[in-house]
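[1] below: sequence and its predicted model.
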Amino acid sequence: MLKKVYGSAVFGVDATTITVEVNVDSGIGYHLVGLPDNAIKESNYRIAAALQNNGYKIPGKKITINMAPADLRKEGSAYDLTLAVGILAASKQIQAEHIEDYLIMGELSLDGSLQPIRGALPIAVKALEEGYKGFILPSQNAKEAAIVEGLKVFGIDNIKQVIHFFDKGDPIAQTIIDTKAEFEKNLNYPEFDFSDVKGQESIKRCMEIAAAGGHNIILVGPPGAGKTMLAKRLPSILPPMTLEEALETTKIHSVVGRVKADTGIMAQRPFRSPHHTISNVALVGGGSYPQPGEISLCHNGVLFLDELPEFKREVLEVMRQPLEDREVTISRAKFTVTYPSSFMLVASMNPSPSGYFNDPDSPITSSPAEMQRYLSKISGPLLDRIDIHIEVTPVPFEKLSETRQGESSIAIRKRVTEARALQTQRFADSSTVHYNAQMNTKQIAKHCALDEASKVLLKTAMDRLNLSARAYDRILKVSRTIADLENADAITGSHISEAIQYRSLDREGWLG
């Protein structure tokens, strides 16, 4: 007897429905076709034990299973439940009249219990699009799938629940969550707060500007100056994610199985801080079966690269295109996947191998030549994509010993959100530009017009400070953000003056 059961495969951040055709006929043998990987080929051992331990068995007949489309490679152990239910239905051990109305996925343990799967959210989205009546999956993934409104989601703990659901009509409790309420529950509770930071008022101001305009930023300073502490707190002042952004971010994390079972949807912006030994594949994504890299896992959030010059040059260079295009495309011989990667880059670095400025009072000093050689590890094209460069100096004892709390992240976030609202309105007609850092040359000319006094100021600064030509557009973008924070329609000389301060690494003779 032939029976069809439906599962799903995830490619990139989208799912493709897989039809599992199970045919039980006279004879002996177990044949699994349709480009399954080793994890799927080994499933017959898990299925046999799980069925045996729950009062059922794999029939001693010829079983042929085809996973269609047959030219698409299938990977992972999430098809165990799909295959097991298909075998039971095809061998008439259970009645399963409505089995084709459901999409079924899950990894089996030998006792019949279910292990969590990856990609539950994109699979649920696809199931809704294709009109399935429900989605049966492990209970650990139920909340994650249930955020897709309009689809019935049934979380199960054991294969017996599925068998009795189809064979005896026993109900399975439907997982229902209020997506909006679940999203808003953890929206305003950042783990790290700017009120913890002592002193560094100018750096906090700089971080606020970066958050308001979505500008990439690099912090340069000696060890212990607070670079990492400040970077970790940047997500707390970014505008809260919209529900659409949260769903998009959760989808990527679902693909790699990083969504927590008790949350369902990610409300906080992601913060990723990979070690400097990371490979280029781990950073941008890839592999023989492409998976999202760090730059996609921090989509709609922050990527923090601590000690930037310590990263391998080729690793940093592969970031250039995703920084510009806000997505990364990975091509293989038979298919291509695209992962979104719209993130804020926050980098930190010491000014020299010893970690200290060219200061005779510091414990270890480096010569200007050593400092220049160290800084030159970062290419010009990469620096060109970083709008703000800021020097971070150590906090004096008087500031460290203060008991007064600094301004909270909630207060800063309010100003940032208001500035972003202005930008959303400004770029309402554009589908690719949402905040100031994304402006192209034409939009800079339109929205960053300067009066004569400001033009003279900018020209003088570029001449006297020996600023490079690439700094020009960056200064205008940052000036526009500073003006937005003040709710000013036009850019003034004061905005230009402040923006010029944030181009330290463009200045010739910066090393003194």
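    Yep, that arrived. Residues are numbered from 1 along each chain as shown.
[2] Ala488 and Val284, how far apart?
    38 Å (CB to CB, to the nearest Å). Yep, even glycine has a C-beta here, placed from its N, CA and C like the rest.
[3] quick one: contacts for Ser279?
    Applying CB atoms under 8 Å, 6 or more residues apart in numbering to Ser279 gives the contacts Val315.
[4] ok, which stretches of the stretch 1-150 of the chain are strands?
    2-11, 14-25, 29-33, 62-68, 102-104, 107-108, 114-115, 134-138 (DSSP state E, counting those that start in this stretch).
[5] dump those into TSV; add mean pLDDT and mean neighbour count as well.
    Formatted as TSV, the strands of the stretch 1-150 of the chain follow (pLDDT from 0 to 100; neighbours: other CB atoms under 10 Å):
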stretch	mean pLDDT	mean neighbour count
strand 2-11	94	21
strand 14-25	95	19
strand 29-33	94	13
strand 62-68	96	19
strand 102-104	96	25
strand 107-108	96	22
strand 114-115	96	21
strand 134-138	96	25
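[6] and the ones you listed as JSON lines, adding distance to Ser296?
    Shown next, in JSON lines, are these (distance: least, CB to CB, whole Å):
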{"stretch": "strand 2-11", "distance to Ser296": "14"}
{"stretch": "strand 14-25", "distance to Ser296": "14"}
{"stretch": "strand 29-33", "distance to Ser296": "32"}
{"stretch": "strand 62-68", "distance to Ser296": "27"}
{"stretch": "strand 102-104", "distance to Ser296": "25"}
{"stretch": "strand 107-108", "distance to Ser296": "24"}
{"stretch": "strand 114-115", "distance to Ser296": "25"}
{"stretch": "strand 134-138", "distance to Ser296": "23"}
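[7] so which of these gets nearest Asp429?
    Set against Asp429 and scored by CB to CB, the strands of the stretch 1-150 of the chain come closest in strand 14-25, at 27.7 Å.
[8] can you list the strands that the closest one pairs with?
    strand 2-11 (antiparallel), strand 62-68 (antiparallel) (DSSP bridges).
[9] sketch out the low-pLDDT regions of the stretch 301-450 of the chain for me.
    For the stretch 301-450 of the chain, applying pLDDT under 70 flags the ranges 354-366, 397-401.
[10] contacts only, for Ala483.
    Contacts of Ala483 by CB under 8 Å, 6+ apart are Asp489, Ala490, Ile491, Thr492, His495.
[11] next one: it relative to Ile18, how far apart?
    Relative to Ile18, and taking CB to CB, Ala483 is found at 53 Å.
[12] mind listing the strands for the stretch 401-512 of the chain?
    Under DSSP E, counting those that start in this stretch, the stretch 401-512 of the chain gives no strands.
[13] quick revisit: CSV please, covering the strands paired with strand 14-25 and showing distance to Arg404.
    Converted to CSV, the strands paired with strand 14-25 look like this (distance: least, CB to CB, whole Å):
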stretch, distance to Arg404
strand 2-11, 51
strand 62-68, 64
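[14] among those strands, which is nearest Glu208?
    Checked against CB to CB, the stretch from these lying closest is strand 2-11, at 38.1 Å.
[15] can you give me the buried ones in the longest helix anywhere in the chain?
    When the chain is parsed with DSSP state H, its longest helix is helix 409-426. By neighbour count with 16 or more other CB atoms under 10 Å, helix 409-426 contains the buried residues Ser409, Ile412, Arg413, Arg415, Val416, Ala419, Arg420, Leu422, Gln423, Arg426.
[16] farthest-separated two in the residues you listed?
    Maximum distance among the buried residues of helix 409-426 (CB to CB): 25.1 Å, for Ser409 and Arg426.
[17] and Asp451, what does it touch?
    Ala490, Thr492.
[18] let me know the pLDDT of it.
    In this model, Asp451 is scored at 89, pLDDT.
[19] can you pull the contacts of the nearest residue to Val10 once chain neighbours are set aside?
    Leaving out its chain neighbours, the residue that sits closest to Val10 by CB to CB, 6 or more residues apart in numbering is Gly119, at 3.7 Å. Gly119 makes contact with Ser8, Val10, Ala15, Ala78, Ser254, Val255, Gly257 under the criterion CB under 8 Å, 6+ apart.
[20] change it to 7 Å
    Val10, Ala15, Ser254, Val255 (CB atoms under 7 Å, 6 or more residues apart in numbering).
[21] on that earlier part again, list buried residues within the contacts of Ala483.
    Ile491, Thr492, His495.
[22] how about these in a markdown table, adding pLDDT and distance to Lys185?
    Listed next are the buried ones among the contacts of Ala483 as a markdown table, based on pLDDT from 0 to 100; distance: CB to CB, whole Å:
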| residue | pLDDT | distance to Lys185 |
| --- | --- | --- |
| Ile491 | 93 | 40 |
| Thr492 | 92 | 42 |
| His495 | 94 | 38 |
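[23] list the contacts of stretch 405-412.
    Asn188, Pro190, Asp193, Phe194, Ser195, Val197, Glu208, Arg233, Ser236, Ile237.
[24] tabulate these (TSV), appending pLDDT.
    Shown next, in TSV, are the contacts of stretch 405-412 (pLDDT from 0 to 100):
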residue	pLDDT
Asn188	61
Pro190	65
Asp193	83
Phe194	86
Ser195	85
Val197	84
Glu208	95
Arg233	91
Ser236	90
Ile237	92
